[in-house]
Each structure stands twice: as C-alpha cells, then as structure tokens.
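*Asks:* need the 3D shape of this:
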Amino acid sequence: MPGSAAEVTRRPGRPSHGAVRPGDGPLRHTAAQSAPDGSSAVVIGSGFGGLAAAVRLQAAGISTTLIEQRDQLGGRAGQIREAGYTFDTGPSLITAPAILDDVFRAAGRRLSDYVTLVPLDPFYRVWFHDGTHLDYTSDVGRMQASMAKFDARDAARLPRFFSRLRPIHDAVIDEGLGARPFDSLGKMAAFAPRVVRLGAWKPVARFVGRYFRDPRHRFLYSFHPLFLGGSPFRAPSIFLMIPYLEKEGGVWYAKGGMHSLVQGFAALFRDIGGRVRTGTAARRIEVRGGRVQGVRVATRGGRTADTPEPVETGTPPPGGPTGPADDAARGRSFLPADIVVSNADVGHTYGSLLGHVRRRRWNARRLERIKHSMSCFLLYLGVRRRYPRLSHHTIILGPRYRGLVRDIFDRKVLADDFSMYLHAPSRTDPAMAPPGCESLYVLVPVPNAASGIDWAHESEPMTRRVIAALESWGLDGLGDAIEVQHVFTPDDFSTEYNATLGNAFGIEPRLTQTAWFRPHNRSEEARGLYLVGAGTHPGAGVPGVVLSAAATFHAVAEDLWGGRQGRAASLRPVRPGGAALSFGPGPP
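*Replies:* From the prediction side, this is the model:
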C-alpha cells in the first residue's frame with residue numbers, strides 16, 4: 001500500500017527487463033579498458049540525463065566535469081524545503097529501476113547503495129469527472145475486476161492488450177533500440193517495417209481505442225504520453241511501452257523524494273572521481289576546425305561544489321571573443337574538453353551555446369520548426385492538515401479529454417476547465433511534511449509560451465481556480481490550511497531552465513519527432529559534441545533520459561575507440577531474465 005516503507009529490490013513473478021542472464025555480469029566502464037590518455041569531458045546540465053552521462057564517461061576513464069547553472073543539482077528534478085515541508089519540483093515517480101541501476105553498475109556500484117526505493121500500490125488513483133474512480137496497478141487480475149464494474153468486455157480484453165504491447169516493449173527496451181543512437185537513415189529504414197507491423201506508428205489513443213470502449217479505460221491506458229509532454233492523440237504507440245514497463249517493473253518512490261536520486265547519482269559521480277561545479281552557467285561551446293574545444297562558462301564568484309578554491313581560468317582557443325584576464329574579471333572561465341555533452345534544452349544548445357557557429361542542420365529556421373512539448377502550471381503546497389482521500393499519486397480529471405488536449409496542444413488557449421495531477425509524498429513518507437500535515441505538488445497541463453498567455457497576469461487567478469477546484473473535489477478547507485505556497489509557471493521554465501517556449505518536457509513526442517527525426521545524440525554540428533536528455537533519442541521521462549545517456553555514451557565509445565573495440569566499451573543489451581541492462585550493439 002502507499003504507506004508501506006519496506007525497501008523492495010525485486011518484484012515476484014517474471015524477472016524485470018534488464019536482469020543479467022546466468023553467466024553474464026554487468027560490463028563496467030574502466031579506465032584501463034578505455035579512454036585515451038588525458039581525454040576530458042564537460043557535461044552541461046545536471047538533469048538525470050546529464051548525471052547519467054557524466055557517470056558513464058567518468059567510469060570509462062574520461063576525466064569529466066559536470067556543470068550546473070543553478071546552485072542545486074538536478075535541473076527540473078530539484079527540491080524545495082521550507083518550514084518542515086519538502087517538495088520535489090519535477091519528476092515524482094520511478095519506473096524501470098533496472099535502467100537506473102545499470103548506470104550505477106557501470107561504475108561498479110548498485111543503486112541500492114545510494115537510494116532506497118519504495119514500491120507504490122496503487123500506482124495512481126484516477127478520479128473521473130462523474131465521481132467514479134479506478135486504482136491503476138500492475139496486477140492484471142485486480143485491474144480486470146475493477147474494469148468489469150464499468151465494462152466486462154473491456155476487462156476481458158486487457159490481457160490481449162498487454163500481449164500486443166510486449167513486442168513494442170521488447171524492441172525498445174530488451175533489444176536496445178532506445179539505448180543506441182538512432183542517427184542514420186539506414187537504421188530508420190531497417191526499423192520502419194517493424195514499426196508498421198506492430199502498429200507502433202498509430203496514435204496512442206487510436207491504438208488503445210481498438211481494445212477498450214469505456215472512456216475511463218481508454219483514458220487509463222492512453223494518458224501516458226502526457227507524462228512526456230505529448231498528446232495521446234498524436235504521440236505514436238511506441239510510447240505504449242510505458243504502461244508495459246509499469247506492469248512489469250512497477251512504479252516506485254525514492255525515499256526522501258526524487259531529489260534523493262539526484263543526490264545518489266551525484267555522490268556516485270564524485271565517488272569515482274568526477275568533478276561538479278554548481279553556480280556555473282555555460283555561455284558558449286567553443287568550436288575550432290569543426291571540433292569542440294571546450295565550454296566557456298560564467299560563474300558566481302568562482303564557486304564550485306567540490307572545492308573552496310577559486311575557479312581557475314583556462315586558455316580559450318585562438319580567436320575567442322575574450323582573453324583570460326577579461327574572463328577572470330567577469331567571473332568567467334574556459335573549460336577545455338575533448339568531449340562536450342549538453343543536457344541543456346536543444347533550442348538553447350544550438351540556438352545560444354552554439355549560436356556563433358554556422359550550423360548545417362540545426363540552423364535558426366530548423367529550430368523554429370521544432371514542435372515543443374506542453375508546459376505546466378505547478379503549485380507546491382504545505383498544508384497543516386491531512387487529507388486521507390489522497391493517494392500518493394492522484395489524477396483528477398475534468399469533463400473533457402480530447403477537447404482539453406486539443407486546447408493545450410493545438411489551439412494553445414487556457415481553457416476554463418482543467419485536469420490535475422497531485423503528488424502527495426507525505427502519504428508514503430511522513431518525513432516530507434511536519435506531523436499531521438501534507439506536502440502537495442499539484443500539476444496542471446497548460447499550453448507552452450507559443451500561446452502568448454501572460455502568466456504575470458494569469459498566475460494568481462489560476463492559483464485561486466486550482467485551489468477552489470481541489471476544495472470542490474474534496475480537500476475541504478484547503479485554502480485556509482495552506483502555510484507554504486510556491487507557484488511555478490511556463491515563464492519559470494523559460495527563465496530557470498532555458499526551456500524554449502517554456503516547455504516542460506523538451507521536444508513533443510510525435511511521429512515526425514521520433515527516433516531519427518529527433519536531434520541526434522551525436523551532434524551533426526561539431527565533432528566531439530553530443531546531446532543527452534529529453535531533447536534527443538529516445539525522449540523524455542526518467543527512463544527515457546537515462547537511456548539517452550546510454551545512447552550518447554555508445555556514440556562517444558564508437559568515436560573514441562571505433563569499430564569492435566568501441567562497441568565493446570559500451571554495454572551489451574540483455575534480455576529479460578536477469579539485474580542490469582547492458583546497452584550496445586546488438587534501446588529507453
């Protein structure tokens with residue numbers, strides 16, 4: 001149940017994907033095996049993708065520095081602490097923990113050495129506008145019993161639905177398609193017939209509609225693209241691997257909040273020799289002769305997370321706009337690197353950090369054509385009372401589904417009605433709030449900044465509307481019980497994370513922005529430049545961005561060592577049956 005605090009490391013039944021087969025062991029990155037002498041890397045941004053990439057590079061013997069413009073690591077996965085309340089600011093759940101564990105095992109450690117995971121059951125409680133609700137869980141029998149109350153035929157078809165999802169899951173996860181760079185038309189041409197055969201190109205809602213007719217069930221198994229910033233009516237069904245991942249591996253909570261996973265990654269990175277610099281903003285990725293030279297950064301007083309000494313100013317490449325003395329006077333420095341991995345927003349990476357370089361593919365016109373994800377309106381509420389009606393994750397739906405999604409993604413208007421996603425970690429982890437209180441995170445999907453909405457004007461009225469809606473739903477006296485309140489709007493996504501158009505999830509997951517059509521893990525614009533995170537392959541979500549780090553490392557390994565040796569330096573995929581994924585020749 002949500003209140004359980006027992007640490008669980010393996011679910012009963014079919015072993016989770018990524019388990020090691022008998023005789024296999026996790027292939028670790030080691031300095032002896034890998035990096036040329038003196039190889040160095042700079043990773044820009046400390047979201048989960050950046051952290052995972054930094055660990056993989058450092059574990060391979062590449063001297064790696066991770067820079068983060070904010071004082072706190074984690075990017076969107078930050079944390080707010082105030083008056084005894086703790087709020088995660090971004091992701092709130094973990095699926096497929098084996099994907100996370102694989103990063104730790106690449107460095108010779110285990111996820112459980114750093115983070116305690118707690119299983120959630122149910123995963124979510126979904127409240128529909130008519131007052132009915134469904135508990136979403138991995139137990140197919142329980143789900144069928146709940147669904148039968150609304151439509152017995154739908155319930156009977158649930159096993160067949162999952163049987164159709166398994167080949168999609170197997171292609172992306174078990175065969176490694178999500179953990180290898182998808183950067184050639186040849187790879188796309190080879191995969192396309194399979195996509196057609198599996199029906200994975202069809203919009204998620206259309207695929208789901210073939211199996212279920214009750215609107216509750218159609219929502220329950222089609223809403224997952226919204227977790228990635230996409231429309232269920234446009235995102236391809238390849239993203240239905242997510243409910244299959246949940247069924248097989250469960251949904252988990254990191255004790256202490258999701259930021260404890262950030263702290264675990266950072267501790268691992270430091271333990272293996274990596275260097276972290278917070279309060280250090282990338283200003284330019286320097287390129288000479290078509291190859292990266294390093295990153296010019298701006299610091300606040302030369303602060304670093306690892307040493308009290310002032311930041312040293314390196315020598316910039318010839319032709320740089322400023323000299324070392326100029327940089328030092330402005331709190332700037334140059335970090336030379338053979339490899340630069342950007343976990344920043346793709347639009348910011350190419351449009352700003354690489355804006356001074358003539359770009360062959362990702363020029364200004366091409367960047368303007370990118371379709372960015374929706375944004376979010378977020379409330380973080382510290383409430384001096386308990387609300388037993390809440391589950392750890394609660395979804396409260398408005399009267400419309402398709403129409404509301406169209407308002408958000410296509411019409412780009414702030415509708416009169418809305419749906420809400422609530423994270424109440426204090427239901428599982430009482431330490432997240434003072435005794436007798438709740439720590440609440442309320443997310444409302446809204447259009448990104450292409451809408452032109454004036455959030456300086458709309459923020460306060462929207463806050464009142466959301467609180468009133470929660471009180472009407474059943475959180476009696478909520479407004480009077482709030483003692484801590486923080487508001488985060490699409491404008492904040494722009495200013496805090498350099499997110500183009502205030503997107504909350506990077507590039508929108510649609511067919512024409514999937515696989516080869518996404519910005520590639522290996523940049524086409526400069527040798528030695530790579531991308532990681534929600535803007536590249538395979539996409540957003542915690543499993544997706546961590547898998548992107550595997551794909552990016554695969555590209556680095558091929559470029560550094562080439563051919564068979566480079567492929568051996570990345571990790572081999574492992575089919576279900578055993579404990580760490582290995583990504584390499586062979587996917588999220």
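*Asks:* now stretch 354-370: buried residues?
*Replies:* 354, 357, 359, 362, 367, 370 (16 or more other Cβ atoms under 10 Å). Heads up, the C-betas are built off the backbone N, CA and C, glycines and all.
*Asks:* take these and keep only those in strands.
*Replies:* Taking DSSP state E as the definition of strands, the buried residues of stretch 354-370 contribute nothing to them.
*Asks:* show me the two of those residues that sit farthest apart.
*Replies:* 357 and 370 (18.1 Å; Cβ to Cβ).
*Asks:* nearest to residue 86 among the buried residues of stretch 354-370?
*Replies:* Relative to residue 86, the closest of those is residue 370; by Cβ to Cβ it sits at 34.7 Å.
*Asks:* surely the closest one meets residue 503?
*Replies:* No. Here residue 370 lies out of contact with residue 503, judged by Cβ atoms under 8 Å, at a distance of 9.6 Å.
*Asks:* next, the distance between the ends of stretch 72-88.
*Replies:* Its first and final residues considered, stretch 72-88 spans 12 Å by Cα to Cα, to the nearest Å.
*Asks:* what average pLDDT does that stretch get?
*Replies:* Mean pLDDT, taken over the full extent of stretch 72-88, equals 97.
*Asks:* counting neighbours, which bits of it end up buried?
*Replies:* So, applying 16+ other Cβ under 10 Å, buried residues of stretch 72-88: 72-80, 85-88.
*Asks:* re the thing from before, tabulate the buried residues of stretch 354-370 (JSON lines), appending distance to residue 45 and pLDDT.
*Replies:* Putting those into JSON lines (distance: Cβ to Cβ, whole Å; pLDDT from 0 to 100) gives the following:
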{"residue": "354", "distance to residue 45": "14", "pLDDT": "95"}
{"residue": "357", "distance to residue 45": "19", "pLDDT": "91"}
{"residue": "359", "distance to residue 45": "20", "pLDDT": "91"}
{"residue": "362", "distance to residue 45": "17", "pLDDT": "91"}
{"residue": "367", "distance to residue 45": "18", "pLDDT": "93"}
{"residue": "370", "distance to residue 45": "18", "pLDDT": "93"}
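*Asks:* redo those residues as CSV? Include distance to residue 449.
*Replies:* Output for these, formatted as CSV (distance: Cβ to Cβ, whole Å):
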residue, distance to residue 449
354, 22
357, 26
359, 23
362, 20
367, 15
370, 14
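*Asks:* for those, which one is nearest residue 248?
*Replies:* Distance from residue 248 was checked for each of the buried residues of stretch 354-370 by Cβ to Cβ. The minimum falls on residue 370, at 32.4 Å.
*Asks:* okay, and the helix or strand of this protein with the least pLDDT?
*Replies:* The weakest-scoring helix or strand in the chain, judged by mean pLDDT, DSSP states H and E, is helix 324-329 (a mean of 39).
*Asks:* partner strands of the very next helix or strand once past that helix, with direction?
*Replies:* In the C-terminal direction, the helix or strand that comes right after helix 324-329 (DSSP states H and E) is strand 332-336. Using DSSP bridges, the strands paired with strand 332-336 are strand 291-299 (antiparallel).
*Asks:* what residues sit buried inside the strand it pairs with?
*Replies:* Neighbour-count burial for strand 291-299, with 16+ other Cβ under 10 Å as criterion, is recorded at 292-299.
*Asks:* same list (the residues you listed) but as a markdown table, adding distance to residue 434 and pLDDT.
*Replies:* Compiled in a markdown table, the buried residues of strand 291-299 are given as follows (distance: Cβ to Cβ, whole Å; pLDDT from 0 to 100):
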| residue | distance to residue 434 | pLDDT |
| --- | --- | --- |
| 292 | 48 | 97 |
| 293 | 51 | 97 |
| 294 | 46 | 97 |
| 295 | 42 | 97 |
| 296 | 45 | 97 |
| 297 | 39 | 96 |
| 298 | 38 | 93 |
| 299 | 36 | 85 |
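*Asks:* what's the most distant pair in the buried residues of stretch 72-88?
*Replies:* Largest separation among these by Cβ to Cβ: 75 and 85, giving 21.3 Å.
*Asks:* strands along the stretch 201-350 of the chain, start to end?
*Replies:* Shown for the stretch 201-350 of the chain, the strands assigned by DSSP state E, counting those that start in this stretch span residues 251-254, 275-277, 280-288, 291-299, 332-336, 339-342.
*Asks:* likewise the stretch 451-588 of the chain?
*Replies:* 482-488, 529-531.
*Asks:* ok, which of those comes nearest residue 349?
*Replies:* Set against residue 349 and scored by Cβ to Cβ, the strands of the stretch 451-588 of the chain come closest in strand 529-531, at 6.7 Å.
*Asks:* so which elements touch that closest one?
*Replies:* Under the contact criterion of 3 or more Cβ pairs under 8 Å, 6 or more residues apart in numbering; DSSP states H and E, strand 529-531 touches strand 339-342, helix 542-561.
*Asks:* what's the closest of these to residue 268?
*Replies:* Of all the helices and strands packed on strand 529-531, helix 542-561 sits nearest to residue 268, with 12.9 Å by Cβ to Cβ.
*Asks:* packing partners of the closest one?
*Replies:* When contacts are defined as 3+ Cβ pairs under 8 Å, 6+ apart, helix 542-561 packs onto helix 48-59, strand 94-95, helix 97-106, strand 339-342, strand 529-531, helix 563-569.
*Asks:* would you mind finding the most buried of the ones you listed?
*Replies:* The highest mean neighbour count among the helices and strands packed on helix 542-561 belongs to helix 48-59 (a mean of 31), with neighbours defined as mean count of other Cβ atoms under 10 Å.
*Asks:* just the pLDDT for residue 484.
*Replies:* 98.
*Asks:* do residue 46 as well
*Replies:* 97.
*Asks:* name the element it belongs to?
*Replies:* When the helices and strands are read off by DSSP H and E, none of them contains residue 46.
*Asks:* what about the closest residue to residue 502 other than its chain neighbours, neighbour count?
*Replies:* Computed as Cβ to Cβ, 6 or more residues apart in numbering, the closest residue to residue 502 that is not its neighbour in sequence is residue 490, at 3.2 Å. With neighbours defined by other Cβ atoms under 10 Å, the count for residue 490 comes to 26.
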